[in-house]
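Novice: Coordinates only, no sequence provided:
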């Protein structure tokens, strides 16, 4: 059953939706959530709640459902995700296989590059993700 997603108005709502998305492993619902969430609000909405499973479903959802339609939105989300409070901690705990998923997303982004971000922008963001 597909989750019904509405735009979160605060960190609590966002957290509740993320919990439901993680529980159901619904990548399409996660993509819907990310599509309706202003990327610059991600650090505030995530607050100090960023976890590995959330990080990974974001990466997978962006790659599966958002990249083909809107590579710029994927770039923006990756950029602001890196500003989230627990980003460095989550990054440090990723397995080799999980890091490969992140690397694949960046590879796809460079192939789908548009005029909104340069390959230099992408390279510097990759450094933040330690790839």
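Specialist: Right, received. Where do you want to start? As the structure is a computational prediction, the values presented were derived from the model and not from experiment.
Novice: Double-check residue 65 against residue 33; I have them as touching.
Specialist: No: at 10.7 Å, residue 65 does not count as touching residue 33 under the criterion of Cβ atoms under 8 Å. Any C-beta I mention is one placed from the backbone N, CA and C, and that applies to glycine too.
Novice: Same drill for these two, tell me which one is more crowded.
Specialist: residue 33 (24 against 19; other Cβ atoms under 10 Å).
Novice: Tell me the pLDDT of the more buried one.
Specialist: Listed pLDDT for residue 33 reads 96.
Novice: where are the low-confidence patches of the protein?
Specialist: Applying pLDDT under 70 to the chain picks out residues 1-2.
Novice: Just give me the residue closest to the centre of it.
Specialist: Residue closest to the mean C-alpha point of the chain, counted by Cα atoms, centre = their mean, is residue 58 at 3.7 Å.
Novice: Which of the helices or strands spans that residue?
Specialist: Following DSSP states H and E, one finds residue 58 within helix 52-61.
Novice: Check which helices and strands that helix is in contact with.
Specialist: With contacts defined as 3 or more Cβ pairs under 8 Å, 6 or more residues apart in numbering; DSSP states H and E, the packing partners of helix 52-61 are helix 11-24, helix 27-35, helix 71-81, helix 87-93, helix 96-111.
Novice: Identify the residues contacting the last one?
Specialist: Residues from elsewhere that reach helix 96-111, judged by Cβ atoms under 8 Å, 6 or more residues apart in numbering: 52, 56, 59-60, 62-63, 67, 71, 74-75, 78, 94, 119, 122, 125-126, 129, 131.
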